[in-house]
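> Fold the stuff below for me.
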Amino acid sequence: MEQFSLEKTNLSLVKKENLKEVLRCFGLETGMDEKTGEEILFKSDIDKINDSPAICESCGTEINLNNFGHLAKGSKLVYCKNPLCFNHYLALKKIKEVK
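Okay, the predicted model is just below:
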């Protein structure tokens, strides 16, 4: 059984077979990319219809199920698995709290 986990620590967050269901609970959709054959992430049904995939809020990488890292609390801001990208979210959050 393969699980969705943090790569370095192997901390399991969601079983890989349940990931799409969990993402749907947050209003996110998935679909197959015809070019790459990967399952990509969309922020809404309209984005899926317009073929406008979700991108990492930090580095701009297209998000698929293999590189999905984080979903920011209370939003639809998604980040890839790159730890620097999640640090970008943490830094912005800290700046907003200080103001």
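> Give me the longest helix you can find in this structure.
As far as residue count goes, and with DSSP state H defining each element, the longest helix of the chain is helix 83-98.
> For residue 72, which non-adjacent residue is spatially closest?
Nearest non-adjacent residue to residue 72, counting by C-beta to C-beta, 6 or more residues apart in numbering: residue 89, 5.5 Å away. Using the backbone N, CA and C atoms, a C-beta is placed for each residue, glycine as well.
> what does whatever helix or strand residue 48 lives in contact?
Under the criterion of DSSP states H and E, residue 48 resides in helix 45-49. The contact list for helix 45-49 (C-beta atoms under 8 Å, 6 or more residues apart in numbering) reads 29, 31, 42, 53-54.
> Against which helices or strands is the strand or helix carrying residue 20 packed?
Assigned by DSSP H and E, residue 20 falls within helix 19-25. Here helix 19-25 touches strand 29-32, going by 3 or more C-beta pairs under 8 Å, 6 or more residues apart in numbering; DSSP states H and E.
> Let's see the strand it packs on as PDB, backbone CA atoms only.
The C-alpha trace of strand 29-32 is given here as PDB (Å, rounded to 0.1, in the frame of the first residue of the first chain):
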ATOM      1  CA  GLU A  29     -10.700  18.800  -8.800                       C
ATOM      2  CA  THR A  30      -8.400  16.500 -10.600                       C
ATOM      3  CA  GLY A  31      -8.100  15.500 -14.200                       C
ATOM      4  CA  MET A  32      -5.800  13.700 -16.600                       C
END
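> roughly how far is stretch 44-51 from the heart of the chain?
Stretch 44-51 has its C-alpha centroid displaced from the chain centroid by 16 Å (C-alpha atoms, centre = their mean, to the nearest Å).
> Any buried residues in it, and which?
Buried residues in stretch 44-51, counted by 16 or more other C-beta atoms under 10 Å: 47-48.
> begin at 212 from here
Sounds good: first residue 212 from here, last item stretch 255-262.
> any idea of the mean pLDDT for that stretch?
Computed over stretch 255-262, the mean pLDDT rounds to 93.
> ok so, going back, run through who's touching the longest helix of the chain.
By C-beta under 8 Å, 6+ apart, the residues outside helix 294-309 that reach it are 267-270, 280-281, 283, 288, 290.
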